[in-house]
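Participant: 3D, please:
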Amino acid sequence: MGTTTARSGGQHPETVLRSDARSLRLLLARLDQDQADLERARQLLQQGRELAPVAPREAFELVHRAALRGAGVLVARANRERRRALPLNVWTALERLGGEEARRAETLGPLVAERTRLDRDASALPDPELLAEHLEGTTAHLDRVAEKLLEGLPVPLAELSED
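Facilitator: Got it, this is the predicted structure:
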């Protein structure tokens, strides 16, 4: 029988290496998925930004979807580490995460109300100030989500993920 080390918790070193490699592959797969979701959110945001001057209603919807997708990345990451999943409503889930995520959720109340108003009245246009606020807030939030994706990664992986 092979020797064991204190670092491996009594497991054979080959078993530890296989386990570490498996954990690393899972971490990388999750990072890839999170980055793909974030990239899609950024694409939606950019489309919304481009449409804002000519089609504000459609722009508001795209920006809102970008915000939802960005928040969804954080909620999905949090759910991976929780025994009990967060609520399905992404804004409620953000509130439960606390800290800056809860503050972000609080700022979205008027924007969610505006989206509801637009859903009820097909001829309505979004308030230009709310659209500008949504664009600005979602841009900042997606930048913060990108930073959070790199937090806790081993340094060599984080360096590979930076643009």
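Participant: three-state assignment of residue 88?
Facilitator: What DSSP: H, G, I helix; E, B strand; the rest coil gives for residue 88 is coil.
Participant: Repeat that for residue 132.
Facilitator: Criterion first, three-state DSSP; result for residue 132: helix.
Participant: what about it, neighbour count?
Facilitator: Using other CB atoms under 10 Å, the number of residues around residue 132 comes to 13. Heads up, the C-betas are built off the backbone N, CA and C, glycines and all.
Participant: again, but for residue 68
Facilitator: Residue 68 has 17 nearby residues by other CB under 10 Å.
Participant: Which residues are in contact with it?
Facilitator: Residue 68 is in contact with residue 90, counting by CB atoms under 8 Å, 6 or more residues apart in numbering.
Participant: Now do the phi/psi pair for the residue lying closest to residue 50 once chain neighbours are set aside.
Facilitator: Once flanking residues are discounted, residue 50 sits nearest to residue 59: 7.9 Å by CB to CB, 6 or more residues apart in numbering. When quoted as degrees, to the nearest 10, the phi and psi of residue 59 stand at phi -60, psi -40.
Participant: Quick check: the nearest residue to residue 134 once chain neighbours are set aside vs residue 126, distance?
Facilitator: Take residue 134 and drop its neighbours on the chain: the residue closest to it by CB to CB, 6+ apart is residue 63, 4.7 Å away. Remark: distance between residue 63 and residue 126 (CB to CB, to the nearest Å) = 9 Å.
Participant: neighbour-wise, which of the two wins?
Facilitator: residue 63 (31 against 23).
Participant: quick one: contacts for the more buried one?
Facilitator: Applying CB under 8 Å, 6+ apart, the residues contacting residue 63 are 44, 45, 48, 49, 131, 134, 135, 138.
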